[in-house]
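S.K.: the amino acid sequence is not available; the structure is as follows:
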């Protein structure tokens, strides 16, 4: 991970939540969009182990819409459990409407080992993290696991990326009575996300205006915590 990230790494991430439709309907509109979106990567399963403080500081700041906030996660692709050998620790930093990521590789692990605070500390103990990042991570413990299917698109001019997430699942890593093979499933929610540099905000706004759905506020982390802990305030 690097402390100093140049300005071009800041980007907008805008989400849209089509309601009352299925993924085939959304994909149809993406492929027919005048921006000329084409699929640029094979579909895959995305897995995230989110880390938060004991009193869920990151969750609360996201829920309240705090303009300067962050969230920390370990991300990998493919199988949910078993030997995980290509994971990445990501610190997502948000400043107003734009955000960036600091990231670095994580050594091989299994989710069952890293899903408690002690196992997590052992996992990250040898990572070459900046002091501030290490301090932030060491204050956090496993808070949520989520998983979803993702498709990847790019506009014809290469300026705007679009992803479509479906089949969302949420797991509580600390709840022994809710093992990983019994998730809370959300088959209805579809998340379309546009990612683009601030310099291309005009092009992105034009793209949004031609979709039959609109920008909406959405955090899969916040939604997952709410579903796992409905009484949390």
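M.R.: Sure thing, it's come through. Everything numeric in this text was worked out from a predicted model, so none of it was measured.
S.K.: drop to CA atoms for contacts and neighbour counts, all remaining ones
M.R.: Will do.
S.K.: can you pull out the strands in the protein?
M.R.: 11-16, 38-52, 68-77, 87-95, 98-106, 141-154, 161-171, 184-186, 191-196 (DSSP state E).
S.K.: who are the packing partners of the longest one?
M.R.: By that I understand strand 38-52. Using 3 or more Cα pairs under 8 Å, 6 or more residues apart in numbering; DSSP states H and E, the elements in contact with strand 38-52 are strand 68-77, strand 141-154.
S.K.: just checking: what are the partner strands of that strand?
M.R.: The strands beside strand 38-52 in its sheet (DSSP bridges) come out as strand 68-77 (antiparallel), strand 141-154 (antiparallel).
S.K.: same question, the fifth one
M.R.: Under the criterion DSSP bridges, strand 98-106 sits next to strand 11-16 (antiparallel), strand 87-95 (antiparallel) in its sheet.
S.K.: from what I can see residue 58 touches residue 67, true?
M.R.: No: with contact defined as Cα atoms under 8 Å, residue 58 does not reach residue 67; the gap is 11.9 Å.
S.K.: so can I have JSON lines of the strands paired with strand 98-106 showing mean neighbour count?
M.R.: JSON lines is the format used below for those (neighbours: other Cα atoms under 10 Å):
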{"stretch": "strand 11-16", "mean neighbour count": "20"}
{"stretch": "strand 87-95", "mean neighbour count": "19"}
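S.K.: hmm, back to that, looking at residue 58 and residue 67, which is more packed in?
M.R.: residue 58 (21 against 13; other Cα atoms under 10 Å).
S.K.: show me the contacts for that one.
M.R.: By Cα atoms under 8 Å, 6 or more residues apart in numbering, the contact list for residue 58 reads 52, 69, 70, 71.
S.K.: contacting residues for residue 215?
M.R.: Taking Cα under 8 Å, 6+ apart, one finds 14, 15, 16, 17, 208 in contact with residue 215.
S.K.: redo that, cut-off 10 Å
M.R.: Contact analysis of residue 215 by Cα atoms under 10 Å, 6 or more residues apart in numbering lists 14, 15, 16, 17, 18, 192, 193, 194, 208, 209.
S.K.: would you mind measuring from the last one to residue 81?
M.R.: Using Cα to Cα, to the nearest Å, one gets 40 Å for the distance from residue 209 to residue 81.
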